[in-house]
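Engineer: please find the sequence and the predicted model below.
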Amino acid sequence: MREIIITAAQMIAIILLSPLLQGVIKKTKAVMQGRQGPATLQPYRDLRKYWAKSTVLSDSSSWVTRLGPYFAVGMMVCAAATLPVATFSSDLLIAGGSIFVLFYLLAGARFSLVLIGLDSGSAFAGMGASRDLLFAVMAEPSVFLALLAVGLTATPVSLPGIGLPLEQHLSLFFSPMRVLAMMAVFLIALAETGRLPVDNPDTHLELTMIHEGLLLELTGRHLALVTWGAYIRQVLWFTILIDVFFPWGITSGTGVMAIAFGFLLWVVKCLLLAVIVAFIESVSAKMRIFMVPRYLSFALLLAMAALLADTVL
């Protein structure tokens, strides 16, 4: 029973904290740009507003649009259960925290969102779906190579197996392999969460939008679910970065005090990453859409360099 409670607590923490981190990013950006900006809790209010509105469907929409948002959020919730938040104990994680299961679940969520965009019959939603799939094909190999570089010695290749050695040996953090892999994963995390300079989550300009193009035809509860899923996806990528490259404070046991301390540190690390993302968005501009493949190619080169550095050094 105790293990079930801890597992549920880790999953619920990711789900409930996700809108708060979005609010922190927006508020921090506003402060850095000299604006008042929205309240930190505004994303929660937006979700409540969306949920209270009626759902309007396109004439060409089918059961795919009706069930797709629930399936996408369900995949995100399952992915949250594979990530260590406060403890690396593999007995408390789905599939032992396997990175392959994690990314298959994220891919399943992306697939359902693409189907929703295509099912709506909107040209803009179809354009966003095609762009999202194109950039996903370029981004996913970079992530796998980077995590493979830092997890070659892990058996099996899982987040606990990758993060625990670094948590126990601080000197591993300064190895060239981990530094290069961290840079690659961070660049991909910005792309996968729809942040600047790859995408602008605050615009609906059809010539530049990627992720937002998938949401144009959604209203009411469907929009609330998909928006919340995007917030959860952002926290999942923050947690991946923390588990793999900044795992200090995450316990390997199931002690109550150690887990509580791990939860607290996880929240602090997520808030710091949110501030870093806000700073990057405040000093950078949206790149042109045809420059995104170069950006993702650079992340792929960093991941390959990390893998070579591990082999050579």
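Structural biologist: Thanks, I have the structure now.
Engineer: tell me how far the nearest residue to V157 once chain neighbours are set aside lies from L145.
Structural biologist: Distances taken as Cβ to Cβ, 6 or more residues apart in numbering put G151 closest to V157, at 4.6 Å, once the chain neighbours are dropped. To be clear about C-beta, it is placed using only N, CA and C from the backbone, and glycine gets the same treatment. Distance from G151 to L145, counting by Cβ to Cβ, to the nearest Å: 11 Å.
Engineer: once you drop chain neighbours, what's closest to the residue of the chain positioned farthest from its centre?
Structural biologist: The C-alpha centroid of the chain is most remote from D59, which lies 32.1 Å away (Cα atoms, centre = their mean). Excluding its sequence neighbours, the residue lying closest to D59 (Cβ to Cβ, 6+ apart) is G121, at 7.7 Å.
Engineer: neighbours of that neighbour, how many?
Structural biologist: Neighbour count of G121, defined by other Cβ atoms under 10 Å: 14.
Engineer: that one and V64 touch, don't they?
Structural biologist: No. Judged on Cβ atoms under 8 Å, G121 makes no contact with V64 at a distance of 11.4 Å.
Engineer: so, low pLDDT: which residues of the stretch 51-200 of the chain?
Structural biologist: 153-156, 167, 171 (pLDDT under 70).
Engineer: just to revisit the earlier point, the residue nearest to D59: what secondary structure?
Structural biologist: coil (DSSP: H, G, I helix; E, B strand; the rest coil).
Engineer: now it: how far from L57?
Structural biologist: Counting by Cβ to Cβ - G121 and L57 are separated by 11 Å.
Engineer: shouldn't A81 be in contact with T7?
Structural biologist: Yes. If you go by Cβ under 8 Å, A81 and T7 touch, sitting 6.5 Å apart.
Engineer: list residues touching both of the two?
Structural biologist: Shared contacts of A81 and T7, defined by Cβ atoms under 8 Å, 6 or more residues apart in numbering, are found at L93.
Engineer: quick one: secondary structure of G194?
Structural biologist: Relying on three-state DSSP, one would call G194 coil.
Engineer: what is the burial count for it?
Structural biologist: G194: 18 neighbours (other Cβ under 10 Å).
Engineer: and it, what does it touch?
Structural biologist: 200-201, 210-212, 230.
Engineer: of all pairs in these, which one is the farthest apart?
Structural biologist: N200 and A230 (13.5 Å; Cβ to Cβ).
Engineer: higher neighbour count, those two?
Structural biologist: A230 (23 against 19).
Engineer: test my guess that that one contacts H211.
Structural biologist: Yes. If you go by Cβ under 8 Å, A230 and H211 touch, sitting 6.9 Å apart.
Engineer: joint contacts of the two?
Structural biologist: Between them, A230 and H211 share the contacting residues 194, 201, judged by Cβ under 8 Å, 6+ apart.
Engineer: how about the host helix or strand of A184 as CSV, C-alpha atoms only?
Structural biologist: Per DSSP states H and E, A184 falls inside helix 176-192. C-alpha atoms of helix 176-192 as CSV (Å, rounded to 0.1, in the frame of the first residue of the first chain):
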residue,chain,number,x,y,z
PRO,A,176,32.6,15.9,-21.5
MET,A,177,30.2,13.1,-22.4
ARG,A,178,27.5,14.3,-19.9
VAL,A,179,28.0,17.9,-20.6
LEU,A,180,27.5,17.4,-24.4
ALA,A,181,24.5,15.1,-23.7
MET,A,182,22.9,17.6,-21.4
MET,A,183,23.2,20.3,-24.0
ALA,A,184,21.6,18.1,-26.6
VAL,A,185,18.7,17.0,-24.4
PHE,A,186,18.1,20.6,-23.3
LEU,A,187,17.9,21.9,-26.9
ILE,A,188,15.5,19.1,-27.7
ALA,A,189,13.4,19.8,-24.6
LEU,A,190,12.9,23.4,-25.8
ALA,A,191,11.7,22.1,-29.2
GLU,A,192,9.5,19.3,-27.8
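Engineer: which elements pack onto it?
Structural biologist: helix 123-151, helix 220-245, helix 292-312 (3 or more Cβ pairs under 8 Å, 6 or more residues apart in numbering; DSSP states H and E).
Engineer: list the contacts of it.
Structural biologist: With Cβ under 8 Å, 6+ apart, helix 176-192 has contacts from 135-136, 139, 142-143, 145-147, 149-150, 166, 172, 196-199, 233, 237-238, 240-241, 244-245, 277, 280, 292, 295-296, 298-300, 302-303, 305-307, 309-310, 313.
Engineer: please apply the same query to stretch 276-292.
Structural biologist: 24-26, 28-29, 32-33, 131, 135, 190-191, 195-200, 203, 207-208, 210, 295.
Engineer: equivalent analysis for stretch 125-133, please.
Structural biologist: Applying Cβ under 8 Å, 6+ apart, the set of residues contacting stretch 125-133 is 110, 113-114, 116-118, 206, 209-214, 216-217, 289.
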